[in-house]
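[1] What follows is a predicted protein model with its sequence.
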2 protein chains.
Amino acid sequence: MESKQILLDHGSGGGATRALIDDVLIKRLANPTLNELGDSAVFDLRHNGRIAFTTDSYVVDPIFFPGGNIGDLAVNGTVNDLAMAGAKPLYISLGLILEEGLMVKDLERVVDSVAAAAQKAGVLVVTGDTKVVPKGKGDKIFINTSGIGILREDVNISAAAARPGDIVICSGNIADHGITIMSCRTGLDIRGDLKSDTQPLNRLVETLLDKCPGAVKSLRDPTRGGLGTVLREIATRSGVIIEISESALPIKNEVASICELLGMDPLFLANEGKCVAIVREADAEKVLQTMKSIPEGQDARVIGRVVNGSPDRVVLKTAVGGSRIIEPPSGEILPRIC
Amino acid sequence: MESKQILLDHGSGGGATRALIDDVLIKRLANPTLNELGDSAVFDLRHNGRIAFTTDSYVVDPIFFPGGNIGDLAVNGTVNDLAMAGAKPLYISLGLILEEGLMVKDLERVVDSVAAAAQKAGVLVVTGDTKVVPKGKGDKIFINTSGIGILREDVNISAAAARPGDIVICSGNIADHGITIMSCRTGLDIRGDLKSDTQPLNRLVETLLDKCPGAVKSLRDPTRGGLGTVLREIATRSGVIIEISESALPIKNEVASICELLGMDPLFLANEGKCVAIVREADAEKVLQTMKSIPEGQDARVIGRVVNGSPDRVVLKTAVGGSRIIEPPSGEILPRIC
């Protein structure tokens, strides 16, 4: 493209929009369905059953961070939302809202990441839209990704399906994404391997459904709001108490240290490549070993269990033998985390 | 909701987000699939064939305008993108990016319009997402709607299908939306019935496909970029010349007057409830009468025809007997028109 910056004219729907689409987007995302550039993508789903459909807008600040950027975050987030329903993600859309003045090279870098993440997850970007807003009416780039996936007949996953006796398994270390974004914002000097955990989880979920059919009852990815929020949702929806053990929570040392330094509760910080599964007790060990057998779940751990009682709540068994009901921190957690 | 304004906390993923979802969104959009509030909507598509999938972000300024607001615009726009593929729109998603400080009553008004437009078009809002950005990092409200529709086997509509001899039909008066938004922005005193034409076109398209099977070869809704832009795209994709007649173009007197006053070309101004169809010559009269038989197409007119020749272009036959190749105005047309 000739211009080094995004101009209002790139959102006009005319020649400049077309140049942006051709030179920046199609060049990186080309596939026969997208290339048609119709008002809609049209394709054969070849699936006469249930589908999953999801949408998420990404407004993360900063747009580039250790471990990823808003582009792969947007693809992985939507892929994971589909995977959490037990679906196989197939198609995604890409809606861009660009701020006038955004550097074209930054946009190219983001779209490169969209393309790489889509390829890694095995999904096609089949349709898109680009709008431009005047300087000061947006912030560099916001991305919406919506997605479609298909479900096998035997899959029935629901936040309302947890029952006493079920085991709670977390697929890996928590709070990496939240602490990484917070560290970027506060200007903390990040050392070690602290980075966002953004990654697709569809392969992990597909492997679980293949190798442990019927084992997984509830599945959520603890993004915005963190592990604490999704466990509270499952407890409420299922009408159960969930007990988790503080000492069993998988968390990197450096993340735990920064949480302590900043007074943040890692249970309520965002993850972008982790899931929590509520599984039948009889299958728990097999689910755990299956998760650990692939890289996305190598740090998986049993973190608790579902017990009888009311009212529904999440109880944390502390390292020193006490227990407390977990509650989200009051007030703003952290805006624009994803 | 307790707060009268949107706060950053409404985007945190915690209790305030939940209150916003329950009190403002679910209350107005409730349906069994949406109410599940999972990471994805899961439903049975009951359709083993081609589907259409589309996405659009809406950043229109102002968010309220004569004839509608960003809410019904967002629903109708995505419904129409699906209809233009010949699909029957069924499901849509709703992604909101709210600016801190937005009045909750304004959001409620927008969501009321989303609900009414969805009901009118016969589509369900099955999944959604809400983000909040700090004051000055957005502008009141941006909406992304993505949608899914299903195609009948006998439908084959493509911008590449126009052939010499085909007839060009426009479903109604052009440039209403563009001139309405421009008038709002420039503070022009709007009189008469000047208003946005935002409306769903799926019923019109479905009726055409039912009553005139095989007649419609290309179909587009001339939104951003206007009628001129979509005709140029069809000419390019099909490798044909499209001749349109200036005197045949349907346009309201007040719209024509304001266009003249502001020096705007109505061919390149946005429409949000019109379509242009390229149809087989033998079926043209039937298509025209079918369009005119329903309210959304009552002002339909034959505006031109497809002729042989190269290079592909759109030629306007002027009222005084001349002809000129139509070209989009250079530079910015009008930002944030939709």
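    Everything's here; your move. Residues are numbered from 1 along each chain as shown, chains lettered A, B, ... in the order given.
[2] which residues touch the residue most central in space within chain A?
    Taking C-alpha atoms, centre = their mean, the centroid of chain A lies closest to A:G77, which sits 3.2 Å from it. Applying C-beta atoms under 8 Å, 6 or more residues apart in numbering or on different chains to A:G77 gives the contacts A:56, A:58, A:145, A:198, A:223, A:272, A:338. (Each C-beta comes from the backbone N, C-alpha and C, glycine too.)
[3] Out of these, which comes closest to B:I21?
    Ranked by distance to B:I21 (C-beta to C-beta), the contacts of A:G77 are led by A:D56 at 14.0 Å.
[4] Tell me, how many residues neighbour the closest residue to the closest one other than its chain neighbours?
    Residue nearest to A:D56 in three dimensions, not counting chain neighbours: B:D129, with 4.7 Å by C-beta to C-beta, 6 or more residues apart in numbering or on different chains. By other C-beta atoms under 10 Å in any protein chain shown, 23 other residues sit near B:D129.
[5] again with A:D22
    12.
[6] The one 3 residues further on too?
    A total of 22 residues lie near A:L25 under the criterion other C-beta under 10 Å.
[7] That one contacts A:V110, correct?
    No. Counting by C-beta atoms under 8 Å, A:L25 does not reach A:V110; the two are 10.7 Å apart.
[8] Mind putting the contacts of A:G77 into JSON lines with secondary structure, pLDDT and distance to A:R18?
    Compiled in JSON lines, those are given as follows (DSSP: H, G, I helix; E, B strand; the rest coil; pLDDT from 0 to 100; distance: C-beta to C-beta, whole Å):
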{"residue": "A:D56", "secondary structure": "strand", "pLDDT": "98", "distance to A:R18": "27"}
{"residue": "A:Y58", "secondary structure": "strand", "pLDDT": "98", "distance to A:R18": "25"}
{"residue": "A:T145", "secondary structure": "strand", "pLDDT": "98", "distance to A:R18": "22"}
{"residue": "A:T198", "secondary structure": "coil", "pLDDT": "98", "distance to A:R18": "31"}
{"residue": "A:T223", "secondary structure": "coil", "pLDDT": "96", "distance to A:R18": "35"}
{"residue": "A:E272", "secondary structure": "coil", "pLDDT": "98", "distance to A:R18": "33"}
{"residue": "A:C338", "secondary structure": "coil", "pLDDT": "94", "distance to A:R18": "31"}
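[9] Just the closest of these to chain B, please.
    A:D56 (4.7 Å; C-beta to the nearest C-beta).
[10] who touches the closest one in this structure?
    A:74, A:77-78, A:81, A:144-146, A:338, B:95, B:129.
[11] These in strands, which ones?
    A:144-146, B:95, B:129 (DSSP state E).
[12] most surrounded residue in the contacts of A:G77?
    Counting neighbours by other C-beta under 10 Å, A:T145 leads the contacts of A:G77 with 33 neighbours.
[13] Now for A:N308, how many residues are close by?
    A:N308 is flanked by 9 other residues according to other C-beta under 10 Å.
[14] again with the one 5 residues further on
    One way to gauge burial is a neighbour count; for A:R313, by other C-beta under 10 Å, it gives 17.
[15] how about the residues of the stretch 151-300 of chain A near chain B?
    Residues of the stretch 151-300 of chain A lying close to chain B by C-beta under 8 Å from any C-beta of the partner chain are A:151, A:158-159, A:220-221, A:223-226, A:229, A:268, A:270.
[16] Show me how far stretch A:37-51 is from its chain's centre.
    With C-alpha atoms, centre = their mean, to the nearest Å as the basis, stretch A:37-51 stands 24 Å off its chain's centre.
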